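S.K.: The amino acid sequence is not available; the structure is as follows:
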């Protein structure tokens, strides 16, 4: 994008992520599925790239996604859930570091999973979704936790399958599922492995032995991650009598417990069985049936033995019962069944142990997060101490400068008093001809050193204040070259001077003037993004803290109109804002304004003829659109598109009653750092091309003062601009303005405002 970039270590357990994680279900290895998010635009990107993604705070559960796990995609603009998808990879961090971007920045959705479509079903509406995951919803809002238990994942799969059958028929659903099963075949696992996501129990009336009554086919083996492949997705019965799967499962569990109690009573009441008695055989069979129903969830895996292995066992059992009833005593059969029951309970106990271990890990993670937060606080304190030291050094330097200026003024006063006696002689010389030494007659020099005041007796005019930015000259310094300095240019006297330094180093900021005050807002530096507001009292030259913005905001556009200051768009890192804040000096507070029609990062704003304009910017791609706000109407209206797409540009009212847009950046253009200038004529309602600047400029500044348009700073490629240019409106040409050797305007990511003479 052309911005100065820095590399930071990503702390995925920062305070924001920690608060987010505490609000999640944190199912860990018991995660049954995930609902990913999209809008209308990103839905198509997900489908084309076969990849889902979520912002970094969601890593707390996306890391537990395993290949073969069911996934779903919720379009929050259309309020529809799409499925059924199967994770083709484990949850990973930045499978595609540039995903969902134009390739010029890192992905905003680093928690990623590749997927394959298991069954392309009609979408589910919000009401049907709420009925299945009601426990996930947060209060009375439409927001919900995106982690799914295995039961919830199963119910969603069954709901999708019924919708598919309603449209295409049961035969088509079976064929599509069979095709998907062949495509997603998973390696076999032992029968004791936990199935994904199971509902039914053992055998039931009308179901083949060893099949799940809710499946419509045998349960597939689990994959290598302990999660069954998607061919195990439950088909669901055509009619459940209005009951949910959770209700059916609860009823099955109650039946199993009741049968177990009845079998235990029958066994206790029966006489002691002799070896070979028929009663012993019957009692052993009853206990075996009860044991199977007690453990029906775990026994589901045992029931899925290959048919070839099950048939000999059944045949041997029937032969033994028919030939010799005393070959298998009832006590021995009961012992075998109890041994089998023990085998089914072991994996369940192991799972419970895993849950306990996971709870301990979560506790350790919480403690670690608290320690990380403590480290963050200590670092902030150290940074504040460092800033205080720098501020003290700056104050000491300013005090020394003031003392030097005071000594210079005293010296000038003594010289003027000594020259008072020569005034009559000077008056005599004036009668003979014009005096080149008279202050009123002397032409102002082409430039003066920084800090020089306007010539004595000259009226003070408009001044351009150049605030902060980044200096390429000091890029290797500890502060990264970020500046707190202020340069002031007087077009009338063609002089530069040093203004009062800002309290903080900043670039990417925005500024504006109201009354006797110059405001600078937001921005950032090497350490942080800013949301503060600082006010310079132009009469006293002192900086004072103003009310902060409601959010961190860099690369925003700012414009003063009447008695209000407007800050629009901007953002931070990979976040773009469409919000607007309006400063009211009467109550010394920021108020929310009407939202923009588009998100605009690296945008620019200006005011003209009672309206505020916001132009271009970046929302994932560079924008050609522009908007206008008439405060009397209270809403933003689109105006004709600019001639070119651009962000990181400057915007200001200018000569001829036009709104000028200067320079900028667009990675798709041949001259990515743009030389072009265009102006909007509000009367004709169209954009007009203007002469190109001598240098391409992105992240520079423009100002309209003393009837001329001035541009300064910015960057072209890797180099910061050294040229100071003025636009000649009559000739439609740019003219280079020489700079004194003591003055350097080599700075980018800067902002500028014009202070009218009436403000002093």
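M.R.: Received, thanks. Fair warning: this is a prediction, and the values are worked out from it, not measured in the lab.
S.K.: So what's the residue count around residue 78?
M.R.: 15 (other C-beta atoms under 10 Å). C-beta coordinates here come from the backbone N, C-alpha and C atoms, glycine included.
S.K.: Now the phi/psi pair for it, please.
M.R.: phi -90, psi -10 (degrees, to the nearest 10).
S.K.: Spit out the contact partners of it.
M.R.: 40, 123 (C-beta atoms under 8 Å, 6 or more residues apart in numbering).
S.K.: Next: the one 5 residues further on.
M.R.: Residue 83 makes contact with 70, 71, 72, 73, 118, 119, 121, 124, 156, 157, 160 under the criterion C-beta under 8 Å, 6+ apart.
S.K.: tally of neighbours for the last one?
M.R.: Read it as residue 160. Residue 160 has 26 neighbours, counted by other C-beta under 10 Å.
S.K.: What ranges does the stretch 451-600 of the chain have for its helices?
M.R.: For the stretch 451-600 of the chain, applying DSSP state H, counting those that start in this stretch gives no helices.
S.K.: excluding its backbone neighbours, what's nearest residue 756?
M.R.: Counting by C-beta to C-beta, 6 or more residues apart in numbering, residue 462 is the residue found nearest to residue 756 once chain neighbours are left out, at 5.4 Å.
S.K.: which strands and helices sit next to whichever strand or helix holds residue 652?
M.R.: Using DSSP states H and E, residue 652 maps to strand 650-654. Applying 3 or more C-beta pairs under 8 Å, 6 or more residues apart in numbering; DSSP states H and E, one finds that strand 650-654 contacts strand 604-608, strand 658-662, strand 701-705, strand 708-712.
S.K.: neighbours of the closest residue to residue 79 other than its chain neighbours, just the number please.
M.R.: Spatially, and ignoring its direct neighbours in sequence, residue 79 is nearest to residue 126 (4.4 Å; C-beta to C-beta, 6+ apart). Neighbours of residue 126 under the rule other C-beta under 10 Å: 15.
S.K.: Wait, residue 126 touches residue 144, no?
M.R.: No - in this structure, residue 126 is not within contact of residue 144 by C-beta atoms under 8 Å, at 9.9 Å.
S.K.: related to what we said a few turns ago, what's near enough to touch the residue nearest to residue 756?
M.R.: Per C-beta under 8 Å, 6+ apart, neighbours of residue 462: 490, 491, 492, 705, 706, 754, 755, 756, 757.
S.K.: Kindly indicate which of these lies nearest residue 29.
M.R.: Using C-beta to C-beta, residue 754 is the member of the contacts of residue 462 that lies nearest residue 29, at 61.9 Å.
S.K.: How about the secondary structure of that closest one?
M.R.: strand (DSSP: H, G, I helix; E, B strand; the rest coil).
S.K.: Report the rounded mean pLDDT for stretch 172-191.
M.R.: Model confidence over stretch 172-191 averages 55 on the pLDDT scale.
S.K.: neighbour-wise, which of the contacts of residue 83 leads?
M.R.: residue 70 (29 neighbours).
S.K.: Would you confirm that that one contacts residue 157?
M.R.: Yes - Residue 70 is in contact with residue 157 according to C-beta under 8 Å; the separation is 5.9 Å.
S.K.: residue ranges for the helices of the chain, please.
M.R.: Using DSSP state H, the helices of the chain run over residues 15-22, 40-49, 59-62, 126-132, 150-168, 170-183, 245-269, 278-294, 296-303, 307-323, 330-418, 423-432.
S.K.: And the contacts of the third one?
M.R.: Outside of helix 59-62, the residues within contact range by C-beta under 8 Å, 6+ apart are 12, 17, 20-21, 24-28, 31, 34, 54, 91, 93, 110-113, 146-147.
S.K.: give me that answer again for 7 Å
M.R.: Helix 59-62 is contacted by residues 12, 21, 24, 26-27, 31, 34, 54, 91, 93, 111, 113, 147 when judged by C-beta atoms under 7 Å, 6 or more residues apart in numbering.
S.K.: Now render those as TSV, adding pLDDT.
M.R.: TSV is the format used below for these (pLDDT from 0 to 100):
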residue	pLDDT
12	45
21	63
24	76
26	79
27	85
31	91
34	94
54	93
91	93
93	92
111	93
113	95
147	92
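S.K.: Closest to residue 265 out of the residues you listed?
M.R.: Among these, and counting by C-beta to C-beta, the member closest to residue 265 is residue 27, at 39.0 Å.
S.K.: Tell me where the model's unsure across the stretch 401-550 of the chain.
M.R.: Across the stretch 401-550 of the chain, the ranges flagged by pLDDT under 70 are 412, 414-459, 474-478.
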